[in-house]
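1. sequence? don't have it. structure:
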């Protein structure tokens with residue numbers, strides 16, 4: 001007992017120092033977490049609904065769900081869509097309702113374009129579909145700032161060019177979404193605009209600026225539908241807007257329907273080369289103020305990074321609400337960001353399993369994955385961090401597999417070595433010649449990737465299965481460490497007890 005008292009007197013000061021240090025560290029950490037939490041904001045991103053007004057719940061997918069087959073004896077009800085069909089209104093309503101139930105306390109909402117069906121491009125279809133979309137968005141989010149972007153399937157190509165966007169604004173009740181006076185003026189000119197938004201009511205707070213481009217003007221097959229002067233006018237406006245943002249020290253969230261670069265799977269350009277180079281030259285000048293570029297159109301869950309010398313700009317592409325083409329399960333995405341620093345910190349992706357819904361008739365949207373945990377990244381999504389992640393995807397099979405899972409989640413086929421090489425090169429290369437050269441170089445280096453079999457049963461949540469395996473491995477390691485710690489602690493206690501007996 002005397003030995004125990006001597007030991008306690010000798011080490012009591014050290015014990016107190018360690019105890020006070022732990023308490024101080026905990027209090028400081030909790031204070032920092034509370035401070036960061038107070039600056040955390042959220043926003044939703046929806047894209048590519050492709051609503052088909054002729055969709056039938058009992059329609060045959062062989063006829064794009066518009067007609068009932070004589071041989072369809074099963075009478076299957078597909079209220080929320082099918083992979084071979086454009087989208088029923090019920091699916092869009094379900095997506096907006098799910099988002100509101102998950103989190104309605106958001107700072108703003110972004111719609112990235114393409115409201116109408118792939119098979120209907122006439123004005124008498126586009127106008128009522130977008131009108132209904134405007135009403136629904138405002139109905140579900142009555143007081144939220146909504147930032148709408150026009151997609152290539154939202155343009156009435158047959159309308160009068162000089163009044164095209166004025167008519168669209170008036171007939172689609174676009175004022176429910178966009179009512180800023182300055183933004184409205186440039187929207188009337190060509191469907192593009194900019195809005196400045198204060199995320200915090202502090203005098204020295206950096207202002208967030210949304211810069212919205214009408215990228216349909218730059219698509220090669222649509223160039224004849226627009227006057228060249230109107231296209232150049234948008235590029236000049238983009239340059240002036242970015243210059244103004246730079247002078248005012250704004251932080252820019254660039255919103256486009258079309259992503260920059262190429263379709264690496266089908267090998268075609270999204271933009272006319274001449275106009276894309278003009279846009280990218282402006283981005284080169286002002287990349288330091290661009291938070292991120294958010295895009296839709298491809299329906300894929302993927303990203304890429306524009307890189308030129310020391311300049312980088314991250315491009316996050318969003319999966320669609322529409323499941324057509326087996327490109328994605330119906331998906332919506334919620335971002336977290338720091339209101340003070342104006343930096344994206346993370347996102348959560350939610351989806352609806354079409355096959356389960358068809359069987360149960362119950363539209364339950366579930367969390368698919370979080371960016372930070374899926375890619376094992378810290379909670380900060382910047383252009384530089386995406387560029388680093390691209391390097392990991394190219395060098396590490398773990399990250400490559402996860403990227404390919406996201407991009408080709410709903411496709412039931414092999415992903416060949418050739419397709420993987422194209423994907424790797426397209427992550428940073430936007431020029432066709434560079435892409436082909438990169439692919440040849442990788443082939444000459446004999447870089448071989450195993451052909452990956454994607455999800456063979458779409459009823460299985462691949463993301464959940466992958467993360468559950470990862471969590472099981474983590475829990476096993478924690479149990480082993482705790483067991484080892486317990487043995488060490490038991491040994492120390494035994495030694496102290498032995499000394500006390502002596």
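-> In hand now; what should we look at? In this text the structure is predicted, and so the values were computed from the model without any measurement. Residues are numbered from 1 along each chain as shown.
2. under the pLDDT cut-off, which ranges of the stretch 251-400 of the chain? List them.
-> Counting by pLDDT under 70, the stretch 251-400 of the chain has no low-confidence residues at all.
3. separation between the residue nearest to residue 302 when sequence neighbours are not counted and residue 216?
-> Sequence neighbours aside, residue 407 is the residue nearest to residue 302 in space, at 4.5 Å (criterion: Cβ to Cβ, 6 or more residues apart in numbering). Just so you know, the C-beta spots here come from the backbone N, C-alpha and C atoms, and that holds for glycine as well. Applying Cβ to Cβ, to the nearest Å, the value for residue 407 to residue 216 is 24 Å.
4. do residue 345 as well
-> 31 Å.
5. do residue 337 as well
-> 28 Å.
6. so what's residue 361 up against?
-> Going by Cβ atoms under 8 Å, 6 or more residues apart in numbering, residue 361 touches 77, 79.
7. sec struct for residue 194, please.
-> For residue 194, the assignment made with DSSP: H, G, I helix; E, B strand; the rest coil gives strand.
8. which residue packs closest to the spatially most central residue of the chain, ignoring adjacent ones?
-> Geometric centre of the chain, nearest residue: residue 318, 4.3 Å, by Cα atoms, centre = their mean. Once flanking residues are discounted, residue 318 sits nearest to residue 47: 4.9 Å by Cβ to Cβ, 6+ apart.
9. cool, and residue 219?
-> Nearest to residue 219 is residue 152, by Cβ to Cβ, 6+ apart, at 6.0 Å.
10. how many residues are close by the one you found?
-> Residue 152 has 21 neighbours, counted by other Cβ atoms under 10 Å.
11. cool, and residue 97?
-> Burial of residue 97 is recorded as 14 neighbouring residues (other Cβ under 10 Å).
12. looking at this protein, which helix or strand is least sure?
-> The helix or strand of the chain with the lowest confidence, counting by mean pLDDT, DSSP states H and E, is strand 452-453 at a mean of 56.
13. on that earlier part again, so what's the residue nearest to residue 219 scoring on pLDDT?
-> Residue 152 carries a pLDDT score of 95 in this model.
14. which residues touch it?
-> 113-114, 215-216, 219, 222, 257-258, 297.
15. among the residues you listed, who's most crowded?
-> Neighbour count (other Cβ under 10 Å) singles out residue 215 as the most crowded of these, with 30 neighbours.
16. the residue nearest to it when sequence neighbours are not counted in helix, strand or coil?
-> Nearest non-adjacent residue to residue 215, counting by Cβ to Cβ, 6+ apart: residue 258, 3.9 Å away. At residue 258, secondary structure determined by three-state DSSP is coil.
17. so residue 258 makes contact with residue 222?
-> No - using Cβ atoms under 8 Å, residue 258 is not in contact with residue 222, being 10.5 Å away.
18. shared neighbours of the two, anything?
-> Taking Cβ under 8 Å, 6+ apart as the contact criterion, the common neighbours of residue 258 and residue 222 are 152, 216.
19. A strand includes the residue nearest to residue 219, no?
-> No - counting by three-state DSSP, residue 152 is not part of a strand but coil.
20. do you know how far it is from residue 284?
-> Relative to residue 284, and taking Cβ to Cβ, residue 152 is found at 25 Å.
21. same check on residue 378?
-> The gap separating residue 378 from residue 284 is 27 Å, by Cβ to Cβ.
22. just residue 356 next, same as before
-> Relative to residue 284, and taking Cβ to Cβ, residue 356 is found at 46 Å.
23. give me the more crowded residue out of these two.
-> Counting neighbours by other Cβ under 10 Å for residue 356 and for residue 284 shows that residue 356 has the greater number, 17 against 13.
24. helix, strand or coil for that one?
-> At residue 356 the chain is in helix, as set by three-state DSSP.
25. what segments of the stretch 101-250 of the chain are strands?
-> Remark: strands assigned in the stretch 101-250 of the chain by DSSP state E, counting those that start in this stretch are 108-111, 145-148, 193-197, 208-212.
26. would you list these in TSV and tack on distance to residue 360?
-> Formatted as TSV, those follow (distance: least, Cβ to Cβ, whole Å):
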stretch	distance to residue 360
strand 108-111	29
strand 145-148	32
strand 193-197	40
strand 208-212	38
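27. as CSV, those strands with mean neighbour count would be great.
-> Formatted as CSV, the strands of the stretch 101-250 of the chain follow (neighbours: other Cβ atoms under 10 Å):
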stretch, mean neighbour count
strand 108-111, 23
strand 145-148, 20
strand 193-197, 19
strand 208-212, 23
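28. tabulate these (TSV), appending distance to residue 91 and mean pLDDT.
-> Listed next are the strands of the stretch 101-250 of the chain as TSV, based on distance: least, Cβ to Cβ, whole Å; pLDDT from 0 to 100:
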stretch	distance to residue 91	mean pLDDT
strand 108-111	15	98
strand 145-148	19	98
strand 193-197	28	97
strand 208-212	25	98
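29. out of those, nearest to residue 479?
-> With Cβ to Cβ as the criterion, residue 479 lies closest to strand 108-111 of the strands of the stretch 101-250 of the chain, at 42.9 Å.
30. got the end-to-end distance for stretch 194-213?
-> 9 Å (Cα to Cα, to the nearest Å).
31. list the contacts of that stretch.
-> Contacts of stretch 194-213 (Cβ under 8 Å, 6+ apart): 39, 41, 107-108, 145, 147-149, 180, 182-183, 186, 192-193, 234, 238, 241-242, 245, 248-256, 279, 291, 339-342.
32. among those residues, which ones are buried?
-> 41, 107-108, 145, 147-149, 183, 186, 192-193, 234, 238, 241-242, 245, 250-256, 279, 291, 339-340, 342 (16 or more other Cβ atoms under 10 Å).
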